[in-house]
Structures are given as structure tokens and as C-alpha cells.
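Visitor: My questions concern the predicted model and sequence given below.
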Amino acid sequence: MMAMTTCATEKTSVACSFIAEMGLPENILSAVQEQVVGRHREIELTLAALTARRHIVLEGPPGTGKSTLLRAIAEAMHVGFVFVEGNAELTPARLAGTFDPARVLNDGYKPDAFLDGPLVEAMRAGSLLYIEEINRIPEETLNVLITVMSEGEITIPRLGRILAAPGFQMIAAMNPFDTVGTARISSAVYDRMCRIAVAYQSADEETDIVHRASPSSNMHWCSQVVNVVRQTREHSDLRVGSSVRGAIDTALVAQSLGELRGLNAQDALVGLDAALTSLSGRVKLREGVARSVEEVVAEIWNTVFAVPSETGDVGKVTAPTGATNSHS
């Protein structure tokens, strides 16, 4: 049974009420873990921060399951989930909302002429606001969030003050700084958020993720595909490797390609072609590397799978003709 706690302040009282409405934290934890592979620590930390009524930033490479984790948590908590894609075109008006010009011409600046943006939508509904890739958002747009995070309210010209309903919290995700298109987050924003680092999962967990996405694939073969993907993250010729999404796509494309060719999905050429299709756009070469991404992917694939040559020795399957143009 959950221990009863005396709520000494108004904010603490709201938090206690919110936790009671959500249900027992251990029940939420169990429900989330049924949908998310691994991530026990990250799930615990996210739930702890949410029940403490804190805003959160999840920081980690693309494809580490940040969105999946948060959607599972929102579902388990039975709260709304409003998604915002962070990019350079996200203006304050697109985030908060704006007046409908046609209705303003007819009726003036009345409240019902205002079109809620995702921020105001989440505030009114008491939902989780999830901002993806927050460090791609212009600074002037980020500044809109500062008062919202501190005071739980926003003032919009000609509309007035909007208070966040109980349950509203902001969760942001960001890729590590210095990836293309990212910028540093101001200390004013960071100071109002708890940070949770999200790294790549273990090989076993990534294999489980791939097998769940492609259950007809052989588990051992899935583990080898995951090995290929994990090696792209460490290869000396690559500055950017693939996330587990590359392994998932390789498994799924191999299944379809095998059916088209009348071959097993684990056939050497089928698997290599599926990997080239799935990984060549995800990995990026280091400056000055003369080889193509296809050549690097084929090298890694052949190393992991130790493909036998026609003479019976361990050899390699080369990249298909026409797949040797370089990509930066």
C-alpha cells in the first residue's frame, strides 16, 4: 500500500493528488516495461521526475527509443500526449497558437477565434507535451517555454492568461550537441528541467527489439544484424553510425526481398542487399574517406557473417554494381 504523505505546500498537495490519480507507481512501471525493451533505469527516473512534477529533457542519440518510452509512460499513466516536432521553422505562434485571420476580420480578437497550438492544447488538457529535438528549435521559441515551465502559465497578447491544468508537464528530447542542425540550449531552459541521459541499449536488448519487429526472423541472425549495426557506430571510416532502426529495417527488407527472389531471408546476398538498402542512408563517412558507404557496410557485413566464397574459403560478398557512389 502506498504510504500516506502530508502535503505541506500547495505544489506538493497538487503532486500528491496527481500521483493518487495516476495509480501506484509500481503498477505504472510494470505496464511500461511490458511495452519497452529494457530501459528499467530510464523508466524509473522518468516516472520519478514526473510524479515529482518536474519537467524533463531526455538526451541521447537518434533511435534510442525516447519517443517509444514516453508514449508508453503516457498510456500507462492515462494522460494525454501532445507531440511537437522540433525544427528551425517552429515559431512561437506555431508552438503556442494564433488567431484565425478570417474570424478576426469578422468578429475581432475573441477567444473562440484563437487556434490553440500544441503548447496551449497540452496546457488546457493537462497533458504531457513532448517536444522532439528541442535543440533544433530557435531561441525565441524556446523563450516562450521558460515562464510556462516556471509558473505553469502563459500570457498571449489579445487573449490573456492561460493556466496549465493539473497534469501538464513538458518532456523534451534532444540529440547530443554538435550533430548537424543542433544548437546549445540556454542555461535558463536547462535550469528548469531534469536531465536523463539515454544511451544505446545492450546488444541483447537491441536483438530483442529487432526480433519483436520481425518475429519470423531467426533470433541468431537478428543478433548478427544487430552486431553489424553496432559496428557502424565504432568504425573508423564512419562519423555517424546507425541506430537499431537500421537493424529493424534490414530484417524486414530481407524478409520481403527473400520472398521476391524465392530465397531465404538469411541468404548471404539477400541479407547484404537488405543491409545496403537499410544502412547506406543512415551512416555517414568521415571527411577525407575515399570509400563509399556501401563499401564500408559491405565490409562490416562480410566480417560479421564471414560469408563463404565460391571456392569454399571464407570470403566476401561485394556490393552490387552501381552501389559504389560515395556519400558524405
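Guide: Perfect, I can see it now.

Visitor: mind listing the strands for the chain?
Guide: Ranges of strands within the chain are 56-59, 81-85, 97-99, 114-116, 128-132, 153-156, 160-163, 169-174, 194-197, 238-240, 284-285, based on DSSP state E.

Visitor: Give me the angle between the fifth one and strand 81-85.
Guide: Yep, that's strand 128-132 we're talking about. 20 degrees (axes from the mean of the first three to the mean of the last three CA atoms, to 10 degrees).

Visitor: Show me what strand 128-132 packs onto, helices and strands only.
Guide: Secondary structure elements in contact with strand 128-132, counted by 3 or more CB pairs under 8 Å, 6 or more residues apart in numbering; DSSP states H and E, are helix 66-77, strand 81-85, helix 118-125, strand 169-174. All C-beta spots, glycine's among them, are computed from the backbone N, C-alpha and C.

Visitor: Quick one: closest of those to L145.
Guide: L145 sits nearest to strand 169-174 of all those, at 6.7 Å, using CB to CB.

Visitor: Quick one: work out the angle between the closest one and strand 128-132.
Guide: Taking the same axes, to 10 degrees, one finds strand 169-174 and strand 128-132 inclined to each other by 10 degrees.

Visitor: now strand 169-174: how far from the chain's centre is it?
Guide: Centroid separation for strand 169-174 versus its chain: 11 Å, with CA atoms, centre = their mean, to the nearest Å.

Visitor: do stretch 219-231 as well
Guide: Worked out by CA atoms, centre = their mean, stretch 219-231 lies 21 Å from the chain centre.

Visitor: Go ahead and name everything in contact with it.
Guide: If you take CB atoms under 8 Å, 6 or more residues apart in numbering as the criterion, stretch 219-231 is touched by 200, 203-204, 206-207, 210-211, 214, 241-244, 246-247, 250-251, 265-266, 271, 275, 279, 297, 300-301, 303-305.

Visitor: now stretch 241-260
Guide: Residues outside stretch 241-260 that contact it (CB under 8 Å, 6+ apart): 61-65, 200-201, 206, 209-210, 213-214, 216-217, 222, 225-226, 228-235, 264-267, 270-271, 273-275, 277-279, 282-283.

Visitor: any low-confidence regions in this protein?
Guide: Across the chain, the ranges flagged by pLDDT under 70 are 1-25, 177-183, 307-328.

Visitor: at 80 instead, please
Guide: Low-confidence segments of the chain (pLDDT under 80): 1-26, 176-186, 307-328.

Visitor: Outline the domain layout of it.
Guide: Following automatic domain parsing, one gets these domains for the chain: 10-197, 203-305.

Visitor: Throw these into a markdown table and include mean neighbour count, thanks.
Guide: What follows is the domains of the chain, written out as a markdown table (neighbours: other CB atoms under 10 Å):
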| stretch | mean neighbour count |
| --- | --- |
| domain 10-197 | 17 |
| domain 203-305 | 19 |
